[in-house]
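> Build me a structure from this.
(3 chains)
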Amino acid sequence: MDWILDFYNYRVAVQYVPEFTRGMLATIWISLVSLVLSLTIGTVAAIMRMSANPVLWRISAGYVQAIRSTPLLIQIYVIYFSLPALPLLGRRLDELEGGIIALGLNAGAYMSEIIRAGIESISRGQIEGAQSVGMTYLQRMRYVVLPQAFANVLPPLLGQTAVLIKDSSLVSFIGVFELFGAGLTVLSERLMPNEAFLTVAVGYLAIYGVMLFFSNYAQRRLGGVRG
Amino acid sequence: MLSAGWVGFGADTMVDVIWITMPFLLAGLWMTFKISLVTILCGSILGFAVGMLRTVGGWLVSATLGIYIHALRGTPFLVHLYVIYFMLPALKIPWLQFEAFPAAVIALSLYTSTYVAEIVRAAIQAVPRGQSEAARSVGMTAAQCMWHVVLPQALKLMIPPMGGVYVIIIKGTSIVSVIGISELVRAGEHATQRHPRELMLIYGMTALMYFAYCYPVLRIARWAETKFGSVRLPS
Amino acid sequence: MPSETPIVVVNDICKTFRIRGRPPVQALRHVTNHVDKGEVLVVIGPSGSGKSTFLRALNGLEPIDSGSIVIDGVDLTDPKTDLNRLRRGVGMVFQHFNLFEHKTALENITMPQTVVLKRKGSEAYEIGHRLLDRVGIGDKADNYPSELSGGQQQRVAIARSLAMTPKVMLFDEVTSALDPETVGGVLELMKELATEGTTMVVVTHEMGFAREAADRVTFMDDGAIIEEGTPEAVFDNPQHERTKLFLSQII
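Presented below is the predicted three-dimensional model:
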């Protein structure tokens, strides 16, 4: 059985269980906060993009285009290095907050494209139905358009969420500790890449598996209602 | 015009910094271009094979390749890169002793292949059943039907999403900077170490170069989509 | 019986559709009309005659180019008018139902009440159930629109409009998209509403309904009102050639 220990010394991996756990929780936390941020940005950008006001839709289109045409790593660096110049909340933002902002802005652009497709999938009749009972623009969006739009594009939204979770590994390069960072710790302290990165891979796969389960569940539920 | 006093203490103006760093950044862009081109080729071939096998193969082949795709899709590219770069050489098998460049290309190609495989499968499934039924009804074999009827129609559907994959690769190459390949991001980092005061300018230039590379590809992909139609990828 | 107070006053309205690359279509040419309280006005005419545009203009779904529309004393064309507020008082039933696909039949009726009229949930719920019973599908309260037949969906749509207690109800070819066997039931329901004194404007191809339920019939062609009068006058003794031609083609 020596070759197994040679390839993957689980005793070492077990020693680092606290780090891996901390990293896993950090990855989940970072992803969740970035997800909420990205859905908010994405919804606003999608609505702006469909607005008749040329200034609004140009801003939104430019944002999406800029994000889609540049790598996330550059976006993370730019946000990180501009943190000192961004005294939000009256204090300097830390690496974690910077990383979350970068991830949220990045995913927000992709989410906005998906959400826009969702809004466009809602028929004119649904909007007229809402208008005919006297709903205001915001009420129509809130109660009629957006709930159906999100339901229609739930699968791609979940797919983009999976991408967001994986992308969150990049914030380890600006000094944020998360799951991949835990692997980097093991690599630098023990020089054992297998124990470091195979364990990390299993952690990400576990999150991915849960996502896949929810995705299938949600699709079955929606499929049932919509026939 | 910008005065020297506004940008710094007189050493280099912004224009100087642009002038000095430009050759390095362009060299980085060239490396990014090379890696992305090699990767789209290798990744497409591998992905096409995986996608075809997954469509026409039996359940065992299909399930195995499904695991391959999920394992790669479920983990960050960064993990693939580190595994291939650090781990495989540790196995001490001579032909797995990678340098940074082949490690980067292999990791990126594997990553790309999962996207391409899904595109191939979705495109083949998007060709109406009636097409293959008609082909079989005139006596074509399954292979003839695939080659003469289904694939020609599916290929058209594959073109638009491939543009999107190409952009994903271009942006993905930025990550291989962390194993020391001097592509665009790495070149930018070097430049910022030399001109730390112009950090935002240099990263801005880097971002613009990515934009200049990616944007046309995205536009072509959009144009192709209106021309050929597209398949929606299962996520 | 119609009284003499007009709920809807339409004065000289025009509307031209301009779609780039196509010749402009003049959908409404100087249309003037009115609807009294409790009156049932049926608008008939060939396809493309502008009758649907006329109806949609009455609740501002189709903005008009000139003229004025006054609903219960409120000028719809005044830029200061809150269209959403005005629409609460104007019920509209569509050809394709336009039920909210993500809500059950009951929720389709309760949601606008709670959101727009700020009614309490329990009150909206009670009204919803009562109206579903009224339109004859009380047992379908918890079904989604996709699980209902066209006729059932149209009944829910009528109930949804009624729940807002509108001053006038607009019906836009509400039976055109229905299976033949469900048309009769929906028309029957509309006749009941008419005899109960609901103010209604109905655009329809159902001449039998027009003859039975209308207080007044308006015949439109090519964006203009050609002829109007009691059902007997228009159907049995049409004055204009175009009316005669239309009636001969449709009956």
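
> Buried residues, the helix or strand containing A:Ala46. List them.
When secondary structure is defined by DSSP states H and E, A:Ala46 falls within helix A:17-49. Burial within helix A:17-49, assessed by neighbour count using 16 or more other Cβ atoms under 10 Å in any protein chain shown, is assigned to A:19-20, A:22-24, A:26-28, A:30-31, A:33-35, A:37-39, A:41-43, A:45-49. The C-beta positions use only the backbone N, C-alpha and C, and glycine is treated the same way.

> what mean pLDDT does it have?
Averaging pLDDT along helix A:17-49 gives 95.

> hmm, that helix in reach of chain B?
No. Judged by Cβ under 8 Å from any Cβ of the partner chain, helix A:17-49 makes no contact with chain B; its nearest approach is 9.7 Å.

> ok now whichever helix or strand comes after that helix, how far from the chain's centre?
Counting by DSSP H and E, the next helix or strand C-terminal to helix A:17-49 is helix A:54-68. Centroid separation for helix A:54-68 versus its chain: 19 Å, with Cα atoms, centre = their mean, to the nearest Å.

> For helix A:54-68, which helices and strands make contact with it?
Counting contacts by 3 or more Cβ pairs under 8 Å, 6 or more residues apart in numbering or on different chains; DSSP states H and E, helix A:54-68 is packed against helix A:17-49, helix A:95-120, helix B:199-228.

> Dump it to PDB, restricted to CA.
Taking C-alpha atoms only, helix A:54-68 is exported to PDB below (Å, rounded to 0.1, in the frame of the first residue of the first chain):
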ATOM      1  CA  PRO A  54     -29.700  55.900 -25.200                       C
ATOM      2  CA  VAL A  55     -27.400  57.000 -22.300                       C
ATOM      3  CA  LEU A  56     -28.600  54.200 -20.000                       C
ATOM      4  CA  TRP A  57     -28.300  51.400 -22.600                       C
ATOM      5  CA  ARG A  58     -24.900  52.600 -23.800                       C
ATOM      6  CA  ILE A  59     -23.500  52.500 -20.300                       C
ATOM      7  CA  SER A  60     -24.900  49.000 -19.800                       C
ATOM      8  CA  ALA A  61     -23.700  47.700 -23.200                       C
ATOM      9  CA  GLY A  62     -20.200  49.200 -22.600                       C
ATOM     10  CA  TYR A  63     -20.000  47.600 -19.200                       C
ATOM     11  CA  VAL A  64     -20.900  44.200 -20.500                       C
ATOM     12  CA  GLN A  65     -18.600  44.500 -23.500                       C
ATOM     13  CA  ALA A  66     -15.700  45.600 -21.400                       C
ATOM     14  CA  ILE A  67     -16.100  42.800 -18.900                       C
ATOM     15  CA  ARG A  68     -16.600  40.100 -21.600                       C
END
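
> same question for that helix, mean pLDDT?
94.

> Any chance you could list what contacts it?
Here helix A:54-68 makes contact (Cβ atoms under 8 Å, 6 or more residues apart in numbering or on different chains) with A:45-46, A:48-51, A:75, A:105-106, A:108-110, A:112-113, B:167, B:207, B:211, B:214-215, B:218.

> Could you rerun that using 10 Å?
A:41-42, A:44-51, A:53, A:75, A:105-113, A:116, B:164, B:167, B:171, B:207-208, B:211, B:214-215, B:218-219 (Cβ atoms under 10 Å, 6 or more residues apart in numbering or on different chains).

> of those, buried ones?
Among the contacts of helix A:54-68, the ones that count as buried by 16+ other Cβ under 10 Å are A:41-42, A:45-49, A:75, A:105-113, A:116, B:164, B:167, B:171, B:207, B:211, B:214-215, B:218.

> most centrally placed residue in the chain?
I went with chain A, as the question did not name one. Centroid-nearest residue in chain A, with Cα atoms, centre = their mean: A:Leu164, separated by 3.4 Å.

> meant chain B, my bad for not saying
The centroid of chain B falls nearest to B:Ile169 when counting by Cα atoms, centre = their mean (1.9 Å).

> can you tell me how far it sits from A:Ile115?
Taking Cβ to Cβ, to the nearest Å as the measure, B:Ile169 falls 25 Å from A:Ile115.
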